[in-house]
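Enquirer: Any chance you could fold what I've pasted below:
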Amino acid sequence: MSSERSELSELVAPAFPRVPTWCRAIALGIDGFLVLLITGLLGASGLVGFLIFMLLWIASRVFVVYRNYGQSLGRWALNMRVIDTRFHRTPQLLELSKREGVLGFFVFLALNGLGNLALGHAGVVLLLVPLIADGGVVLFDMSQYPQTFHDRFGETIVIGVQRGYSLDIRVRNWIDKMQQYLK
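Expert: Residues are numbered from 1 along each chain as shown. This is a model prediction of the structure:
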């Protein structure tokens with residue numbers, strides 16, 4: 001009886017393409033860079049800088065994602081999207097807000113740590129630890145769809161899709177063409 005139930009659940013559960021960890025990191029980097037760039041152009045720092053960063057982060061990673069079928073600009077560039085684990089659809093605003101609130105705070109700490117590292121403060125490297133711990137969970141998660149802490153908190157997964165720019169494939173093709181040209 002239990003084997004029939006497991007076979008049935010395998011038939012019902014859709015199989016989504018897995019996303020490599022490095023693709024997720026690059027997409028996060030694209031989104032983080034854009035939000036940091038806009039925050040920097042506004043000249044905000046300190047508490048005001050944090051508030052502006054978080055507002056822009058929530059705007060780009062919650063509202064844009066909600067309206068764009070689970071894709072931020074970084075995820076669109078690398079053909080991936082975020083879906084909720086229960087209904088396999090674009091998460092609702094509450095789920096996205098929980099997920100991105102945690103991640104946005106970790107990204108802000110990491111970017112501040114990297115920015116202050118250039119000033120010669122080696123202790124600020126510790127600000128990278130929350131983001132590394134959050135993303136490092138994926139490396140040890142052996143499930144079909146590995147989840148980071150913020151994915152688990154928001155009850156979401158990241159999957160591969162056909163809709164996007166395919167930046168990783170285009171860059172790989174450009175590199176291959178350059179290598180052929182140099183030979």
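
Enquirer: looking at this, residue 159 is in a strand?
Expert: Yes. Secondary structure assignment places residue 159 in a strand (DSSP: H, G, I helix; E, B strand; the rest coil).

Enquirer: buried ones in stretch 38-58?
Expert: Neighbour-count burial for stretch 38-58 flags 39, 44, 49, 50, 52, 53, 54, 56, 57, 58 (criterion: 16 or more other CB atoms under 10 Å). Every residue, glycine included, has its C-beta placed from N, CA and C.

Enquirer: ok, now stretch 80-98?
Expert: So for stretch 80-98, counting by 16+ other CB under 10 Å, buried means 80, 81, 82, 83, 84, 90, 91, 95, 96, 97, 98.

Enquirer: so of these, which ones are in helices?
Expert: In helices, defined here by DSSP state H, the members of the buried residues of stretch 80-98 are 95, 96, 97, 98.

Enquirer: Chain neighbours aside, what residue packs nearest to residue 111?
Expert: What sits nearest to residue 111 in space, not counting adjacent residues and going by CB to CB, 6 or more residues apart in numbering, is residue 36, at 5.5 Å.

Enquirer: Okay, the one you found and residue 85: tell me how far apart.
Expert: 30 Å (CB to CB, to the nearest Å).

Enquirer: So residue 126 sits against residue 113, correct?
Expert: Yes. If you go by CB atoms under 8 Å, residue 126 and residue 113 touch, sitting 7.2 Å apart.

Enquirer: Which one of those two is surrounded by more residues?
Expert: Using other CB atoms under 10 Å, the more surrounded residue of residue 126 and residue 113 is residue 113, with 19 against 10.

Enquirer: Retrieve the pLDDT associated with the more buried one.
Expert: Listed pLDDT for residue 113 reads 85.

Enquirer: That one is in what secondary structure piece?
Expert: helix 93-117 (DSSP states H and E).

Enquirer: And the helix or strand just after that helix, what's buried?
Expert: Later in the chain than helix 93-117, the nearest helix or strand by DSSP H and E is helix 129-140. Across helix 129-140, burial judged by 16+ other CB under 10 Å covers 130, 131, 134, 135, 138.

Enquirer: and if you look at stretch 59-69?
Expert: Result for stretch 59-69 [16+ other CB under 10 Å]: buried residues 60, 61, 62, 64, 65, 66.

Enquirer: Other residues contacting it?
Expert: 31, 34-35, 71-73, 75-76, 81-82, 90-93, 96-97, 100, 103-104, 163 (CB atoms under 8 Å, 6 or more residues apart in numbering).

Enquirer: ok, back up a step: could you list which of the buried residues of stretch 38-58 belong to strands?
Expert: Counted as lying in strands by DSSP state E, out of the buried residues of stretch 38-58, is not a single one.
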